[in-house]
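Colleague: Predicted model, plus sequence, below.
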Amino acid sequence: MLLLNSINMLTLAASTMAGVAGSYDGAPVLALKLSSALLFSAATGMLLATNKIQPSQLAEEQRNTARLFKQLQTQIQTEIAIGNPSEGDVRDAIEKVLALDKAYPLPLLGGAMLEKFPAKFEAARWWPESRLSSNDEDKIMEIKNNNNNGWNVELEEEMREVIEVLKRKDMEDYERLGNIALKKNKGFAVSAPLLTGIVALGSVFSGDGLVPALAGALATVVNAFEHGGQVGMVFEMYRTCGGFFQLLEETIETAIEEKDLDKRENGELFEMKMALQLGRSVSQLRELATKSASCRIEGREIHEFASKLF
């Protein structure tokens, strides 16, 4: 906010000087033009630095980092409280810490800052690659409706339908919105310093002060939309939400692909956890899966999103 107000005040002051200089003749006019050019040049430099850093996006990144590290800390403390953590638990915790640190490095230190304007929208990834436990890949798994660690054929089909809805609705929608936010942010980040840079030169050589004044005012509006509207923060929010849905998808796929039912998380608890993470009750999750299967059979598109949280 401080940078936003400072840049806008510089640009407006320079625009005012350029407009006043175009109304008079004489020695004071040159001083006003030079002062206006210097202010526009300073605003251009500050805009370039601010657009490179993207403060609102940076703040959202660090907010997510703090939340995810606290969540990971709670998980590790729970493992310790349960007792007898194994070497595998320690290795998994280390991999999660390293993956999170890679996804959200400390900014402004050693060039580790994330790319603010990637070529295309990609969801954030703060978890390590999933690994299935080693077992006989040729083993035929038969799920019956008796005690199979809470799993049955219906539950697996339900989870597969949830994945389909996540892919076709939630992830696709957030990818579309993320690309829009990325394009808007790129356009704002280029146009504002371009305007002030051109006006910095034009205010000295132009005899008419109206054009520099209008261009400076337009640059102020663009900067206010970009940083006042926190477009970078919105883009980062979409990136994080996309990563959340991708994590849910991989979690479900890893559970379903596990051949040994005893090594899976209990099916009833897993279903409840997925429902809670999507902001639904278990019955609502089952209704969603049924509706998705019906729409797919009839060749219709489901209009309901899997998540009710975002």
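Modeller: Nice, thanks for sending it over.
Colleague: What are the buried residues along the helix or strand that contains Asn5?
Modeller: Using DSSP states H and E, Asn5 maps to helix 2-21. By neighbour count on 16 or more other C-beta atoms under 10 Å, the buried set for helix 2-21 is 4, 7-8, 10-21. Bear in mind the C-beta positions are built from the backbone N, C-alpha and C, glycine included.
Colleague: With respect to Gly299, which of those residues is nearest?
Modeller: Nearest to Gly299 among the buried residues of helix 2-21: Leu4, at 50.0 Å, using C-beta to C-beta.
Colleague: Relative to Pro55, how far out is that closest one?
Modeller: Distance of Leu4 to Pro55, computed by C-beta to C-beta, to the nearest Å: 9 Å.
Colleague: can you check Val90 too?
Modeller: Distance of Val90 to Pro55, given as C-beta to C-beta: 37 Å.
Colleague: What of Gly279?
Modeller: For Gly279, the distance to Pro55 - C-beta to C-beta - is 30 Å.
Colleague: how far does the helix holding Asn5 sit from the chain's center?
Modeller: Relative to the mean C-alpha coordinate of its chain, helix 2-21 is positioned 32 Å out (C-alpha atoms, centre = their mean, to the nearest Å).
Colleague: repeat for stretch 77-93
Modeller: Distance, stretch centre to chain centre, for stretch 77-93: 30 Å (C-alpha atoms, centre = their mean).
Colleague: Would you mind measuring the gap between the ends of it?
Modeller: By C-alpha to C-alpha, to the nearest Å, the extent of stretch 77-93 from end to end equals 11 Å.
Colleague: follow-up on the earlier one: on contacts alone, who are the packing partners of the helix holding Asn5?
Modeller: helix 27-53, helix 172-205, helix 210-223 (3 or more C-beta pairs under 8 Å, 6 or more residues apart in numbering; DSSP states H and E).
Colleague: residues making contact with that helix?
Modeller: Helix 2-21 is touched from outside by 29, 32-33, 35-37, 39-40, 42-43, 46-47, 50, 55, 196, 199, 203, 209-210, 212-217, 219-220, 223-224, 227-228, with contacts defined as C-beta atoms under 8 Å, 6 or more residues apart in numbering.
Colleague: nearest residue to the residue nearest the centre of the chain other than its sequence neighbours?
Modeller: Nearest residue to the geometric centre of the chain (C-alpha atoms, centre = their mean): Arg239, 2.3 Å. Using C-beta to C-beta, 6 or more residues apart in numbering and skipping residues adjacent in sequence, the residue nearest Arg239 is Ala124, 4.8 Å away.
Colleague: in what helix or strand does the one you found lie?
Modeller: According to DSSP H and E, Ala124 maps onto no helix or strand at all.
Colleague: from here on, count from 36
Modeller: Renumbered: residue one is now 36, and that last one reads Ala159.
Colleague: Wait, it touches Leu282, no?
Modeller: No. Using C-beta atoms under 8 Å, Ala159 makes no contact with Leu282, being 9.5 Å away.
Colleague: between those two, which one's more packed in?
Modeller: Ala159 (21 against 17; other C-beta atoms under 10 Å).
Colleague: Now do the more buried one against Glu284, distance only.
Modeller: Taking C-beta to C-beta, one finds Ala159 at 14 Å from Glu284.
Colleague: Out of the helices and strands packed on helix 37-56, flag the one nearest Ile111.
Modeller: Ile111 sits nearest to helix 207-240 of all those, at 29.3 Å, using C-beta to C-beta.
Colleague: Report the inter-axis angle for that closest one versus helix 245-258.
Modeller: Here the directions of helix 207-240 and helix 245-258 differ by 150 degrees (axes from the mean of the first three to the mean of the last three C-alpha atoms, to 10 degrees).
Colleague: I am finished for the moment; much appreciated.
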